[in-house]
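**Q** Got a predicted structure here, sequence first:
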Amino acid sequence: MLLHKRPTNSYAAERLIRGRFKTTQVPAYCIFTRIAAILSRETMARKRSPSSIYSAKKSNGANLGFEEKLWQAADKLRSNMDAAEYKHVVLGLIFLKYVSDAFGERHRQLNLWVSDPSSEYYVKEPAARWEVLEQRDEYTRENVFWVPRQARWDNLQAIAKQPTIGKIVDDAMVSIEKDNPRLKGMLPKNYARQELDKQRLGELIDLIGTIGLGDAENRSKDILGRVYEYFLGKFASAEGKTGGQFYTARCVVQLLVEMLNPYKGRVYDPCCGSGGMFVQSEKFVEAHGGRIGDISIYGQESNPTTWRLCRMNLAIRSIDGDLGPHNADSFHNDLHKDLKSDFVLANPPFNDSDWKGGQLREDVRWKYGVPPPGNANFAWVQHFIHHLAPNGLAGFVLANGSMSSNQSGEGEIRKNIIEADLVDCMIALPGQLFYSTPIPVCLWFLARNKRNSRFRDRRRQTLFIDARKMGRMIDRVHRELTDEEIARIAGTYHAWRGDGGAGVYQDVPGFCKSAITEEIAAHGYVLTPGRYVGAEEIEDDGEAFAEKMARLTEKLEEQFAESARLEAEIRDNLRGLGYGK
């Protein structure tokens, strides 16, 4: 970067303007303070050294913790590997570090116990203690994978600089699969291939070694899902990914689960990605005093690498799930044809135009209309409905266009679903909830039977919630819903449908509205919540309109006059420095 010496009179002009007007607060002439701020930023930028400018440019301001470190790690391999490849190189090592951390924590815990005379594990002879520390059952019964000595992270990191590190990692993966049958066929074993730079692989191992993944604090988090979400966002453009092919933001998954309350029954996700819906469902059951075994997991995923990742994600939590014997497309090879689920939780690819719908024109699933070949949105909706039990509930993410589109018969399909009284609740969400796309999305909630005994009779009624103003920015480009906001949204839905102890529902202008089917029909069967909830009520300050207008007009005239005076003074100062006319 070339830095040019700034003219002395330009610096003087900037100082003059800043010194004169930096405390000005009058709205009508805030443009002048904006000028001063711009000149101030220019001054600071030109004073920086080349290295400091470069450092500032490299930082994106994101507050993403370990994900940012992992991006740095993956970036080390970017120069000589395809984006789709080096992403999975990192993910495999992350899994290895994850299970090794969990193993190491259990190992340290056992070591404390065998050394403590008050513990039932106490072993008097120090030389004999290693027998307890190396007993496989002491780990597996606590749902910790057994990691053979040669595969433990400390050992790998100690020899990371050796030219044979690729084969050493492959052998570690093989040994872990051999000692843990649940992981058979899951782990990547191609680190020895020639195109993988072994020096950079060693550096990658060193960097990952600085990140805690499997200890008590991190083990309960969806670490693999977070990594995958972040990497998909970073690599999307390089891999040519479309807007909907990414991991679901955790706060969105949490909201879906809190809305549906999947305490017991069959949970189905036909586009399960890395398994975040299943993980959050299990957490929900445990948090509310239930047992993990109370829900049965059924899933399907078309991408083979993501399918293996989902298996890993469930395996490290000891969650049993039927993901099918292999990866498969849910439309063209439904691995759960006879399944009728109690809950559907899903985030299908948005607006997928490559779903080969032309081959399925007579499919039995299209009860409410044949979806267009150019967009799979309503193919997914009808696939979900097809797999619902008689009292089943579905909650899923779709692009906002699904609420109002009338292209290629989509409006007619939506109308038929509404008239069949399946739409229970619609939620409009804010944008920037996902790493890989800033677009806002919506949540659909369907109920097979709005008269079932669990809730009140809400036939021919639909709840609309507008949550577009919710969420907080966690960095420059990412937003998340807070726990309080999730509780408010879910609590509103539960009160509306009549959950026990959920309170009494009331319409809140600008936030929620219960509408009957006839009202939806009057809006052309459009399901956008903003059409129904109206505007938020504004508190009246008690000042008469005529008096307020007179007061504000008088103040505005004063500000106009002050603005003109300041403009003239600035122009005089600029002319004195050789600028302006």
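**A** That came in fine, so what should we check first? Numbering: from 1, shown residues only.
**Q** Can you tell me the SS state at the residue lying closest to residue 336 once chain neighbours are set aside?
**A** Sequence neighbours aside, residue 298 is the residue nearest to residue 336 in space, at 5.4 Å (criterion: CB to CB, 6 or more residues apart in numbering). Quick note: C-beta positions are derived from backbone N, CA and C, even for glycine. Here residue 298 is strand, with the state taken from DSSP: H, G, I helix; E, B strand; the rest coil.
**Q** Report pLDDT for residue 298.
**A** Per-residue pLDDT puts residue 298 at 97.
**Q** which residues touch it?
**A** When contacts are counted by CB atoms under 8 Å, 6 or more residues apart in numbering, residue 298 touches 266-269, 321-323, 336, 339, 341.
**Q** lowest confidence element among the helices and strands of the chain?
**A** helix 50-58 (a mean of 30; mean pLDDT, DSSP states H and E).
**Q** how about the helices in the stretch 151-300 of the chain?
**A** Along the stretch 151-300 of the chain, the stretches classed as helices by DSSP state H, counting those that start in this stretch are 153-158, 165-179, 198-208, 216-219, 223-239, 250-260, 276-287.
**Q** hmm, back to that, so the residue nearest to residue 336 bridges to which residues?
**A** Here residue 298 sits in beta bridges with residue 268, residue 322, going by DSSP bridges.
**Q** and of the contacts of residue 298, the nearest to residue 174?
**A** residue 323 (22.4 Å; CB to CB).
**Q** Which residue, other than its chain neighbours, is closest to that closest one?
**A** residue 299 (4.8 Å).
**Q** Wait, that neighbour touches residue 276, no?
**A** No. Using CB atoms under 8 Å, residue 299 is not in contact with residue 276, being 10.9 Å away.
**Q** Where do the domain boundaries of this structure fall?
**A** As recorded under automatic domain parsing, the domains making up the chain are 1-55+543-581, 66-219, 243-533.
**Q** Most tightly packed of those domains?
**A** Mean neighbour count (mean count of other CB atoms under 10 Å) peaks for domain 243-533 among the domains of the chain, with a mean of 19.
**Q** so how far is that one off the chain centroid?
**A** Taking the mean of its C-alpha atoms, domain 243-533 sits 15 Å from the chain's own mean (CA atoms, centre = their mean, to the nearest Å).
**Q** Could you identify which of the domains of the chain has the lowest mean pLDDT?
**A** Set side by side, the domains of the chain give their lowest mean pLDDT on domain 1-55+543-581, at a mean of 58.
**Q** can you tell me how far residue 192 sits from residue 484?
**A** Distance, residue 192 to residue 484, by CB to CB, to the nearest Å: 50 Å.
**Q** What of residue 432?
**A** Taking CB to CB, one finds residue 432 at 19 Å from residue 484.
**Q** ok, now residue 274?
**A** 27 Å.
**Q** Nearest spatial neighbour of the residue nearest the centre of the chain, chain-adjacent residues omitted?
**A** Centroid check for the chain by CA atoms, centre = their mean gives residue 249 as the closest residue, at 1.5 Å. In this structure, residue 249 finds its nearest non-sequential neighbour in residue 433, 4.7 Å apart by CB to CB, 6+ apart.
**Q** Would you mind confirming that that neighbour makes contact with residue 252?
**A** Yes. Between residue 433 and residue 252 there is a contact under CB under 8 Å: 5.9 Å.
**Q** what do the two both touch?
**A** Residues touching both residue 433 and residue 252 (CB under 8 Å, 6+ apart): 441, 481.
**Q** Identify the residues contacting the nearest residue to residue 205 once chain neighbours are set aside.
**A** Distances taken as CB to CB, 6+ apart put residue 160 closest to residue 205, at 4.2 Å, once the chain neighbours are dropped. Counting by CB under 8 Å, 6+ apart, residue 160 touches 201-203, 205-206.
**Q** tell me the strands in the stretch 51-200 of the chain, going along the chain?
**A** Counting by DSSP state E, counting those that start in this stretch, the stretch 51-200 of the chain has no strands to list.
**Q** give me the element residue 345 is part of.
**A** Assigned by DSSP states H and E, residue 345 belongs to strand 341-346.
**Q** neighbouring strands for that strand, and are they parallel or not?
**A** When DSSP bridges is applied, strand 341-346 pairs with strand 265-269 (parallel), strand 388-399 (parallel).
**Q** what residues does the first one touch?
**A** The list of residues contacting strand 265-269 from outside it, by CB under 8 Å, 6+ apart, reads 277-278, 281, 295-300, 336, 339-346, 387, 389.
**Q** quick one: the strands in the stretch 351-500 of the chain?
**A** Along the stretch 351-500 of the chain, counting by DSSP E, counting those that start in this stretch, strands occupy 388-399, 423-428, 441-447, 461-466, 472-473, 479-480.
**Q** Let me know which of these is the nearest to residue 187.
**A** strand 388-399 (29.6 Å).
**Q** can you dump the C-alpha coordinates of the closest one into PDB?
**A** Below are the C-alpha coordinates for strand 388-399, written out as PDB (Å, rounded to 0.1, in the frame of the first residue of the first chain):
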ATOM      1  CA  LEU A 388     -46.900 -36.200  10.200                       C
ATOM      2  CA  ALA A 389     -48.800 -38.400  12.500                       C
ATOM      3  CA  PRO A 390     -52.600 -37.700  13.000                       C
ATOM      4  CA  ASN A 391     -51.800 -35.300  15.900                       C
ATOM      5  CA  GLY A 392     -48.300 -34.400  14.700                       C
ATOM      6  CA  LEU A 393     -46.800 -30.900  14.700                       C
ATOM      7  CA  ALA A 394     -44.200 -29.400  12.400                       C
ATOM      8  CA  GLY A 395     -41.900 -26.400  12.700                       C
ATOM      9  CA  PHE A 396     -39.500 -25.400   9.900                       C
ATOM     10  CA  VAL A 397     -37.600 -22.600   8.300                       C
ATOM     11  CA  LEU A 398     -38.400 -21.200   4.900                       C
ATOM     12  CA  ALA A 399     -37.500 -18.200   2.800                       C
END
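**Q** ok, residues contacting that strand?
**A** So strand 388-399 is contacted by 243-244, 248, 252, 256, 259-260, 265-266, 340-348, 350-351, 377, 380-381, 384-385, 424, 439, 441-449, 452, 454 (CB under 8 Å, 6+ apart).
**Q** same thing but 7 Å
**A** 248, 252, 256, 259-260, 340-348, 350-351, 377, 384, 439, 441-449, 452 (CB atoms under 7 Å, 6 or more residues apart in numbering).
**Q** Could you check how far residue 397 is from residue 117?
**A** Distance from residue 397 to residue 117, by CB to CB: 55 Å.
**Q** Equivalent analysis for residue 575, please.
**A** To residue 117, residue 575 is 89 Å away according to CB to CB.
**Q** Over to residue 168?
**A** Per CB to CB, residue 168 is found 39 Å from residue 117.
**Q** Equivalent analysis for residue 474, please.
**A** Applying CB to CB, the value for residue 474 to residue 117 is 48 Å.
**Q** same thing with residue 509?
**A** Taken as CB to CB, the span from residue 509 to residue 117 is 68 Å.
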